[in-house]
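Asks: sequence-free structure coming up:
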Ligand code: HEM
């Protein structure tokens, strides 16, 4: 599961594993790392909902404890122990998890929408006059970090350290310095918020009744930023790819629904940003779907294969959110509403500003980044009629070379001044905040790059007009 062939087309690999082994198959995550991969939806749910039989704490991993896996193995950063919500069980997990969910629940979605819109505009202003851009590098990679810096109340100097630190961790050459920079930035942020709390996730985590120490704060912050960045980038890129290449998502406003939300549903089912993760360790030898799993050997859930399990009826995906892209059970993603809102607004803003956007290569020629866990494009090159930048556009932030976070010479744009809206104290709505997109007309007409369908132009352009009309009536 680590080669380019798997990255380019994982579907046939899942099919073959299912055919040869059934619900659970032996796989290699790396030439030296063996695991079991759960491919069936039912078995995945059974595992995720059985914390009494399957634990998350990787200190149970026998191959690591026995020294059979080298400490510098590249899968360890994603699978090795750290004292945070993702890698703990029971009471310890409940303590971290309650601080995280309660803090994320205090975010006002309307304020978050404002952060995403402003961050999107800064990035779009940077490339709008060029008429072409790699949207993955210049948009999807940078946007989540810009938004997170605002969510976590990071002042510009600290944000710069965190962005450079997180970027460098994925740039192997610079990993040691990057780690130091990230740690320094986190310490600064925690010290700042201890002295001057604000209306931001960092301050809310700190003030939570479970009483996190500075060290615990840093571990949860690294988890939040790390867990959020890569899948968020992939959801934006994969959603844009689908909207730009699949004629089911072209059409007019007259259908009266939401093509961007529909595209996100489709991506979360067919190309979930974390394709294979939810790593668990059996607490004793145990059977799952008739397969014997050994105590202390890693079991990985294929969210991608489970979502596309032939045992599921495949024709009710749009509007159906029973997919496993956010996982399930006690470790299900605590940020799904925020993550969905960030992706929807980022895509909506881009299509609003550049309605004539088109892929510059056929979708099937786009390259994917290898790796067993993610479903991540390596590039998303597009062309569009050049548009002058908006007034007083601030500089745009870094763009990453290949990893999950931006890293280019461009400076990080300023974070909002205290007079700008803060995250607020509201709770999430039970369903995601509305986006302003609408259902497309279905079309079966095939299209080549460079010829955006009229239908697609129509709803994207109409979206711009509708948004402008709506914004004048807002309080
Ligand atoms: C499209 C975006 C996202 C996707 C697809 C996604 C998906 C997931 C999945 C599958 C898990 C379970 C992992 C496991 O069990 O090993 C998870 C956990 C988690 N996610 Fe997300 N996530 C996204 C965005 C975010 C964001 C934006 C944040 C934070 C701001 C976040 C924070 C977390 C945390 C803290 C956990 C661990 C929860 C626990 O173990 O109790 N995620 N996410």
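Replies: That came through fine. Remember, predicted model here, so these are calculated numbers, not experimental data.

Asks: Check whether stretch 198-209 comes near the ligand.
Replies: No - shown here: stretch 198-209 not in contact with the ligand (CB under 6 Å from any ligand atom), separated by at least 7.6 Å. Heads up, the C-betas are built off the backbone N, CA and C, glycines and all.

Asks: so where do the helices sit in the stretch 101-250 of the chain?
Replies: With helices called from DSSP state H, counting those that start in this stretch, the stretch 101-250 of the chain shows them at 109-127, 135, 142-151, 156-169, 175-195, 201-207, 214-245.

Asks: out of the ones you listed, deepest packed?
Replies: Most buried of the helices of the stretch 101-250 of the chain, by mean neighbour count (mean count of other CB atoms under 10 Å): helix 142-151, with a mean of 26.

Asks: for it, what is the average pLDDT?
Replies: The pLDDT scores in helix 142-151 average 93.

Asks: now for it, which elements pack on it?
Replies: On a contact count with 3 or more CB pairs under 8 Å, 6 or more residues apart in numbering; DSSP states H and E, helix 142-151 meets helix 109-127, helix 156-169, helix 214-245, helix 336-353.

Asks: Determine how far the last one lies from the middle of the whole chain.
Replies: For helix 336-353, the distance from its own C-alpha centre to the chain's C-alpha centre is 12 Å (CA atoms, centre = their mean, to the nearest Å).

Asks: Let me know the angle separating it from helix 142-151.
Replies: Orientation check (axes from the mean of the first three to the mean of the last three CA atoms, to 10 degrees): helix 336-353 against helix 142-151 gives 120 degrees.

Asks: The helix or strand following helix 336-353 pairs with which strands?
Replies: Per DSSP states H and E, the first helix or strand lying C-terminal to helix 336-353 is strand 358-359. The pairing partners recorded for strand 358-359 under DSSP bridges are strand 381-383 (antiparallel).

Asks: Now do the partner strand, average pLDDT.
Replies: Here the average pLDDT along strand 381-383 is 97.

Asks: sorry, back to before: of all the helices of the stretch 101-250 of the chain, which lies closest to residue 262?
Replies: Proximity to residue 262 (CB to CB) singles out helix 214-245 among the helices of the stretch 101-250 of the chain, at 9.5 Å.

Asks: thinking again about what came up before, any chance of the helices and strands packed on helix 142-151 in TSV, with mean pLDDT and distance to the ligand too?
Replies: Below are the helices and strands packed on helix 142-151 laid out as TSV (pLDDT from 0 to 100; distance: least, CB to the nearest ligand atom, whole Å):
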stretch	mean pLDDT	distance to the ligand
helix 109-127	97	10
helix 156-169	80	13
helix 214-245	94	3
helix 336-353	96	4
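
Asks: mind checking which of these is nearest residue 305?
Replies: Nearest to residue 305 among these is helix 214-245; the distance by CB to CB comes to 16.5 Å.

Asks: ok and the closest one relative to helix 336-353, angle-wise?
Replies: Between helix 214-245 and helix 336-353, the angle comes out at 40 degrees (the same axes, to 10 degrees).

Asks: elements contacting helix 214-245?
Replies: Using 3+ CB pairs under 8 Å, 6+ apart as the contact test, the elements touching helix 214-245 are helix 90-105, helix 142-151, helix 156-169, helix 175-195, helix 201-207, helix 259-270, helix 336-353, strand 358-359.

Asks: circling back: just put the helices of the stretch 101-250 of the chain in a markdown table and tack on distance to residue 282.
Replies: Formatted as a markdown table, those follow (distance: least, CB to CB, whole Å):
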| stretch | distance to residue 282 |
| --- | --- |
| helix 109-127 | 38 |
| helix 135 | 41 |
| helix 142-151 | 34 |
| helix 156-169 | 30 |
| helix 175-195 | 32 |
| helix 201-207 | 32 |
| helix 214-245 | 23 |
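
Asks: out of the ones you listed, which comes closest to residue 40?
Replies: The closest of those to residue 40 is helix 214-245. By CB to CB, the value is 22.5 Å.
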